[in-house]
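K.L.:
pasting the sequence and the predicted model now:
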Amino acid sequence: AVEAGDKPRSWKLPGTNTSISIGGYVKADLLWDFGARGFLTTGVGPNNGNNAANNATNGGSWQFHARQSRFFIRTWTPTDWGELATHFEGDFYGLQVRSINGPPPNGINTAPEFRLRHAYGSLGPVLAGQTWSTWMPTFAGAETLDFSGAYSAIFVRQTQVRYTHHFGGGFFMQFAVENPIRGGLPGVFGGNANSSGNGPTFINTTGSTKGRIWVGGIFRQLQYDTGTGSGADSAFGWGVSVAGAFRVTKKVRFGFQGVIGRGVYSYFNGLSPDAVVRPTADGQGDLDPVLIWGGYIWGQYRWTDTIRSTVMWSYLKVDIQDSLPSGVSANSFTTQRVESIQQVFVNLIWSPVPQVNIGIEYTWFQRGNYAGANFTGNRVHIAFQYSF
């Protein structure tokens, strides 16, 4: 006989006191880009940054994919040391390059592959494994059909060790040590970098589950080393973020996040560096973290118990120029370097039953590049999501 578990939608493993839950969803995304084809995951736009060339791409194009579909397994076991929990989850957004001679986007054919999203365990207040960065306020994000949503939002899963302390009354504090290397290539001016971090990343957050207010800070070490003895330096990166989400009435909710920092752009799925290497007289170079700032704000209105709409505006500024010597222009960079990203989302989502979401979303996005033309695009996104 199957015994009900201690958590919603769970059951007990026979002969144990462990509750287990299996779930996930299937999601089909139908994307129409007006004039230019954007990334599969976001609305930032093609790599080359050439507005005229992008807008001449077939006058628009469709993309159909089901890569966001995911699967998870969770367990909970009571122990003398507190609750033992595990979480394993994956989706199909891992992209394997099949050919570099295929059709657009960008002349590359890719095939979806299963990838690891979450794999962690926790015992009492201590968590270890890969999950959302402690610097990421997941509760403050808007409901969008686009997988990544706001590009100004912290959006990264990290391997980490985290400690959470609850003070009571809904207040809590978290401390974490996270993986120091998050993509990002600091050596984009005056030198080549082989590493973007060598010391742990330290993160502290505080918040309230009652008012849904959250404050977070990050401190990390950046390093570059050419490996030839002719260039090496290190610098410290930091960031501060404030976020919130509130229910104003039964039908109205809103949320926001604001962020500023240096050397933390890789936490935003970005295409610009965490730091730049400024040339020095001794040839070693001076590593300078790049300044970023921005945020988003959104509101949601529930038309009925099953129909809702969300509107969001997002902006992120990447100030590479601030890290360069006087008289050196950031336009000396390639067109791949992002200067700013702005997005607007408007959607309508219908849930005929709780396990199903059917929606349509319009996205306007603008990407400003250093040493390249700005890219502006428009997208209509239709989605069908079936949870289990």
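P.N.:
Great, that's in hand.

K.L.:
make it CA atoms for all contacts and neighbour counts henceforth
P.N.:
Will do.

K.L.:
buried residues in the helix or strand harbouring L31?
P.N.:
With secondary structure defined by DSSP states H and E, L31 is part of strand 19-33. With burial defined by 16 or more other Cα atoms under 10 Å, the residues of strand 19-33 counted as buried are 19-21, 24-33.

K.L.:
what is that strand packed up against?
P.N.:
In terms of contacts (3 or more Cα pairs under 8 Å, 6 or more residues apart in numbering; DSSP states H and E), strand 19-33 is packed against strand 11-12, strand 61-65, strand 70-79, strand 375-387.

K.L.:
so what's the residue most central in space within the chain up against?
P.N.:
Computing the C-alpha centroid of the chain and ranking residues by Cα atoms, centre = their mean puts F155 first, at 2.0 Å. F155 makes contact with W132, S133, M136, S148, Y267, F268, N269, according to Cα atoms under 8 Å, 6 or more residues apart in numbering.

K.L.:
quick check: the farthest pair among these?
P.N.:
Spatially, the most separated pair among the contacts of F155 is S133 and S148, at 15.0 Å (Cα to Cα).

K.L.:
more neighbours, these two?
P.N.:
Neighbour count, other Cα atoms under 10 Å: between S133 and S148, S133 has more, with 22 against 14.

K.L.:
need the pLDDT of the more buried one.
P.N.:
Looking at S133, its pLDDT reads 94.

K.L.:
wait, isn't it in contact with V156?
P.N.:
Yes - in this structure, S133 is within contact of V156 by Cα atoms under 8 Å, at 6.0 Å.

K.L.:
mind checking the longest strand of this protein?
P.N.:
Identified as the longest strand of the chain according to DSSP state E is strand 82-99.

K.L.:
as TSV, the contacts of F155 with secondary structure would be great.
P.N.:
Below are those laid out as TSV (DSSP: H, G, I helix; E, B strand; the rest coil):
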residue	secondary structure
W132	strand
S133	coil
M136	coil
S148	coil
Y267	helix
F268	helix
N269	coil
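
K.L.:
closest one of those to A281?
P.N.:
Nearest to A281, judged by Cα to Cα, of the contacts of F155 is Y267 at 32.1 Å.

K.L.:
do I have it right that that closest one meets S152?
P.N.:
No - in this structure, Y267 is not within contact of S152 by Cα under 8 Å, at 9.7 Å.

K.L.:
residues touching the spatially closest residue to T138 that is not a sequence neighbour, list them.
P.N.:
Spatial nearest neighbour of T138, excluding adjacent residues (Cα to Cα, 6 or more residues apart in numbering): W132 at 8.0 Å. Neighbour list for W132: H118, T138, F155, V156, R157, Q158 [criterion: Cα under 8 Å, 6+ apart].
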